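Undergrad: Sequence first, predicted model second:
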Amino acid sequence: RAAKKRLKKKQKAQQQQEQRQQLKKKTKRKSGSSGSGNSEDAGFDGSNEEEERRERKRAKKQAKKKKTKANAEDGEKMSLLESDGDQDDDDQQQPFDDMEQDDEDMRIAEVSRGELDYLESQGVKVTKKKKKKKRGKIESGHKDDDDDDSDSDSDGGSSDRDDDIDATGTTEEEREEKEILLSLAQNLTPSQVLFPGTDVDGDADEDTSEEDGAMMDPRRILQDLTSTSRARVLFESLLAPSGLTADEFYRTYWEKKPLLIAKSKVSFATENDNGGGGAKAASQNHKTRLDNILSKKDIESMLAKCSLRYGRELNVTRYADAGDGSRTKRRITLDLPPKRVKKKAGKSSGQGGGDLQPVVADPKDVWSNFSSGCTVRLLCPHLHSDSVHSLLSTLELEFGCMVGSNAYLTPGGDSQGFAPHFDDIEAFILQLEGRKRWRVYPPPNKAETLPRLSSRDYTEENIEGTAPVIDTILEPGDILYMPRGWIHHAHTPPSRGGGSQGEGDHSLHLTASAMQQWAWADLLDIIMPEALEAATASETSTSLREGLPRNFVNYMGAMYDTSNDDDAPEGLKQAGAKRDDMDEDEYEELVRQRKMKRMQDKFCEEANKRIMRVCKEAMQMVNAGCDQIGKRFLSDRQPPALTPNEAVLTNEHREENGGKIWPNTMCRLARPGIARLVLEDDKAVLYHCADNSRVFHGTPLSPLEFEVDDAPALEMLLTTTEPHWICVKDLIHGDIEDKMEIAQSLYDEGILAILQTDRPDRTVQTG
């Protein structure tokens, strides 16, 4: 690093020397030509200065190109610099280079990263030190770490950072980050992303230079990523066999069409694979890539230990002949009905003598039904499985909405548990064990595309004659994605052993669901009623409170609708007929119809004015509506499944992190998106999901209330997320004691991560 720094300083000195020499030559040439030229050129005041300014720009651009080329040939350039050039000039320029570099370091050290982001958001131009590009090939136009940005600024053009932005608005740094995340996703299975393990030696690569990053264990890199980056790696790892990036998936498939991510789409050919061993290993790696998420043994343990209840955590179903003589297959549910439980003496039993309570499933009954061909569905597998909970919590960071799950265990031997249907969710089918044949059909019509509710059960006759767009057998490691509204059904293939339900031929898949009731219509469901109420209560207009026109029901409504000429009364159809061609009754009918049409048009015009008033009010309530649906998300979602690196900074590990807030304590939100600040009834109310139950709405939200004056400090804490930190004393508030108490309350609630880098500042004490 020291050699490279010296090289850069020598390069800069040499370039400046070349620039001075070029300017001297240009100045002499211009002055000579101006002296021998005509009187008009010689008499133009300032022409030489303007030309010199242009030459300086061109010289700087040429110097940048030379610098870039030189960086690609470090060793060769070093020898050239040592043997050539004016050493005296280099030595003379060295102190100035050091002063410029020290000044640059001083400017960067004066402010923190969080303050830099804030200054940039306020439009203040801040000089930043660029990150070193770890690339084998250096692209032209990129600047080095220690280069001063003043050259590009003095040219009057955009900075190098702006030049790196492509047509999609993505910077070079963002593109490099995406490449790193994609590389991790291609080298790690979803199981490895979720469970990196504790066998990663933190000192294993201590002697490895940063330039040898390719030799590092991907799991070590994964542990250093932010939670949102880990979520992207997990999702792209799920997509990896398809060869798609997350952006490509969202652009081509999300909410549009299904996607099969199967072993058949993976090329198992490897270099030097003469005997097929590499192909066999790659195939095995695909089959085990979803291991440790959920297994049949896990379900057996849940049934034995966790008292799963019918209708709450468990269903037992099969798709079979209804037995009514029609030979039509229907879904049959074998759940035991709820039982009425008597209340204790002295309490009102109410009607019926007690409350209905779901029945706890007897494991023997469940496995007996399973052996006879029934499917066992777990309605909330993440309640008792930390691995499934971690999967859902991580995907919520990627999708930005609630993610739920069901697990389906089906015996072999051509068994099916559910009738053909479509769902109101974006479904990801993760095949964990065994094999299952899936058939997927397009939505029945446009109205049932991206539906807001799931469909009724279809019969086989309903879909007869419709060709499936996907007809495949999923095997372990395969994934099937289906948007909302796509009809599907699945069954296990016939048993390989030839029996009805062969041992080991079962199928187990996990369905991860997203986007349920998360459409624009759901947002407008919140905004429009409130907008109507606000517009009606307006203090500046009474238009929505005015009465409806008298007797409007006599000319408005479907029976008076004349918008369709085919259904219009006969008199109105003859509106173009001459008066002489009609008798008296026909003419009177025509006059009446025309009068009615004018009244209808007037009514619709007045209604349109009032509708637009409500819409205008609604546009001003978009942020408030987003706050409301954001609160709903916090209520619906999973509690955060913090990684060990995240949890050690929260109140779960008070002994390790001190558990006390001081003025110099560094803080940030424990995980992005787990808390939201809204203003309600002149109070700053903070909602969070840290106390959520894994069961949907199992625990109601318990918001924290603060004074409105506390809102700026709260906002700074909630918007500071990894990898950034903010110091307590830098929060916007009047008193340091209040700053400490606000941060302490969020830490005690489990939503704030803290880090004490310096000795605690005990000059200020709080209760």
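TA: Now that the structure is in, tell me what you want to look at.
Undergrad: And the strands in the stretch 451-600 of the chain?
TA: 470-474, 479-482, 487-491, 507-514 (DSSP state E, counting those that start in this stretch).
Undergrad: Would you format those as TSV with distance to Glu646 and mean pLDDT included?
TA: From N, CA and C alone the C-beta is placed, and that goes for glycine too. Shown next, in TSV, are the strands of the stretch 451-600 of the chain (distance: least, Cβ to Cβ, whole Å; pLDDT from 0 to 100):
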stretch	distance to Glu646	mean pLDDT
strand 470-474	33	97
strand 479-482	27	98
strand 487-491	37	97
strand 507-514	22	98
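Undergrad: Ok, which of those strands comes nearest Ala537?
TA: In terms of Cβ to Cβ, the element of these nearest to Ala537 is strand 507-514, at 37.3 Å.
Undergrad: For the closest one, what is the distance to the chain centroid?
TA: Distance of strand 507-514 from the chain centroid (Cα atoms, centre = their mean, to the nearest Å) equals 20 Å.
Undergrad: Over to stretch 548-568?
TA: A distance of 48 Å separates the centroid of the chain from that of stretch 548-568, by Cα atoms, centre = their mean.
Undergrad: can you give me the helices in the stretch 551-700 of the chain?
TA: 570-573, 584-619, 622-636, 644-647, 654-657 (DSSP state H, counting those that start in this stretch).
Undergrad: can you tell me the helix or strand for Ala304?
TA: helix 296-305 (DSSP states H and E).
Undergrad: what's the most buried one of the helices of the stretch 551-700 of the chain?
TA: Most buried of the helices of the stretch 551-700 of the chain, by mean neighbour count (mean count of other Cβ atoms under 10 Å): helix 622-636, with a mean of 16.
Undergrad: quick one, that one and helix 584-619 angle?
TA: Here the directions of helix 622-636 and helix 584-619 differ by 70 degrees (axes from the mean of the first three to the mean of the last three Cα atoms, to 10 degrees).
Undergrad: quick one on the thing from earlier: could you dump the helices of the stretch 551-700 of the chain to JSON lines with mean pLDDT and distance to Lys10?
TA: Shown next, in JSON lines, are these (pLDDT from 0 to 100; distance: least, Cβ to Cβ, whole Å):
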{"stretch": "helix 570-573", "mean pLDDT": "52", "distance to Lys10": "92"}
{"stretch": "helix 584-619", "mean pLDDT": "92", "distance to Lys10": "60"}
{"stretch": "helix 622-636", "mean pLDDT": "96", "distance to Lys10": "55"}
{"stretch": "helix 644-647", "mean pLDDT": "92", "distance to Lys10": "42"}
{"stretch": "helix 654-657", "mean pLDDT": "90", "distance to Lys10": "47"}
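Undergrad: which one of these lies closest to Thr472?
TA: Closest to Thr472 of those, according to Cβ to Cβ: helix 622-636, at 32.1 Å.
Undergrad: Now do the same contact list for the residue nearest to Arg637 when sequence neighbours are not counted.
TA: Nearest in space to Arg637, with sequence neighbours left out and distances taken as Cβ to Cβ, 6 or more residues apart in numbering, is Met402 at 4.9 Å. Contact partners of Met402, counting by Cβ atoms under 8 Å, 6 or more residues apart in numbering, are Glu396, Ala514, Gln516, Trp518, Phe633, Asp636, Arg637, Gln638.
Undergrad: what comes up buried for the helix holding Ala304?
TA: By neighbour count on 16 or more other Cβ atoms under 10 Å, the buried set for helix 296-305 is Lys296, Asp298, Ile299, Met302, Leu303.
Undergrad: Hmm, the fourth one is touching Leu308, no?
TA: Yes - with contact taken as Cβ atoms under 8 Å, Met302 and Leu308 are classed as touching, separated by 6.2 Å.
Undergrad: what residues are shared contacts of those two?
TA: Counting by Cβ under 8 Å, 6+ apart, the residues touching both Met302 and Leu308 are Leu378.
Undergrad: where along the stretch 201-350 of the chain do the helices fall?
TA: Under the criterion DSSP H, counting those that start in this stretch, helices of the stretch 201-350 of the chain are mapped to 218-223, 227-239, 246-252, 277-287, 296-305.
Undergrad: Which of the ones you listed has the lowest mean pLDDT?
TA: Comparing mean pLDDT across those, the weakest is helix 277-287, with a mean of 73.
Undergrad: and the closest residue to Lys436 other than its chain neighbours, how far is that from Asp414?
TA: In space, and not counting its chain neighbours, Lys436 is closest to Ser507: 4.1 Å by Cβ to Cβ, 6+ apart. Separation of Ser507 from Asp414 (Cβ to Cβ, to the nearest Å): 11 Å.
Undergrad: Give the helix, strand or coil label for the residue nearest to Ala512 when sequence neighbours are not counted.
TA: Residue nearest to Ala512 in three dimensions, not counting chain neighbours: Phe428, with 4.4 Å by Cβ to Cβ, 6+ apart. The assignment at Phe428 comes out as strand when based on DSSP: H, G, I helix; E, B strand; the rest coil.
Undergrad: before we move on, what about the one 10 residues further on?
TA: Local secondary structure at Trp438 is given as strand here, using three-state DSSP.
Undergrad: who's in contact with the closest residue to it other than its chain neighbours?
TA: Distance criterion Cβ to Cβ, 6+ apart; nearest residue to Trp438, sequence neighbours excluded, is Ala490 at 4.6 Å. Ala490 makes contacts with Gln416, Phe418, Lys436, Arg437, Trp438, Arg439, as judged by Cβ under 8 Å, 6+ apart.
Undergrad: how deep is the nearest residue to Glu656 once chain neighbours are set aside tucked in, by neighbour count?
TA: Nearest residue to Glu656, sequence neighbours excluded (Cβ to Cβ, 6+ apart): Val648, at 5.6 Å. Residue neighbour count, defined by other Cβ atoms under 10 Å, stands at 13 for Val648.
Undergrad: Check whether Val648 really touches Gly658, as I assumed.
TA: No - assessed by Cβ under 8 Å, Val648 is found out of contact with Gly658, at 11.7 Å.
Undergrad: picking up where we left off before, quick one: the residue nearest to Glu656 from Tyr747, how far?
TA: Distance from Val648 to Tyr747, by Cβ to Cβ: 13 Å.
Undergrad: Give the residues shared as contacts by those two.
TA: The contact lists of Val648 and Tyr747 share no entry, where a contact means Cβ under 8 Å, 6+ apart.
Undergrad: hang on, isn't Tyr481 packed against Leu259?
TA: Yes - counting by Cβ under 8 Å, Tyr481 does reach Leu259; the two are 4.4 Å apart.
Undergrad: Name the residues contacting each of these two.
TA: Common contact partners of Tyr481 and Leu259 (Cβ under 8 Å, 6+ apart): Tyr253.
Undergrad: hmm, who's touching stretch 285-303?
TA: So stretch 285-303 is in contact with 189-191, 194-195, 237, 241, 263, 266, 308, 361, 363, 366-367, 376, 378, 381, 384-385, 387-388, 391, 407, 409, 430-433, 475-477, 506, 508, 510, going by Cβ under 8 Å, 6+ apart.
Undergrad: oh sorry, the question was meant for stretch 675-686
TA: 627, 630-631, 634, 669, 687-690, 703-708, 710-711, 714-715, 718, 746, 751.
Undergrad: Any idea how many residues pack against the residue nearest to Val708 when sequence neighbours are not counted?
TA: Excluding the flanking residues, the one nearest Val708 by Cβ to Cβ, 6+ apart is Ala684, at 5.4 Å. Neighbour count for Ala684, taken as other Cβ under 10 Å: 20.
Undergrad: From Thr375, how far off is Ala684?
TA: Distance, Ala684 to Thr375, by Cβ to Cβ: 49 Å.
Undergrad: doesn't Val695 make contact with Leu383?
TA: Yes - counting by Cβ under 8 Å, Leu383 touches Val695, with 5.9 Å between them.
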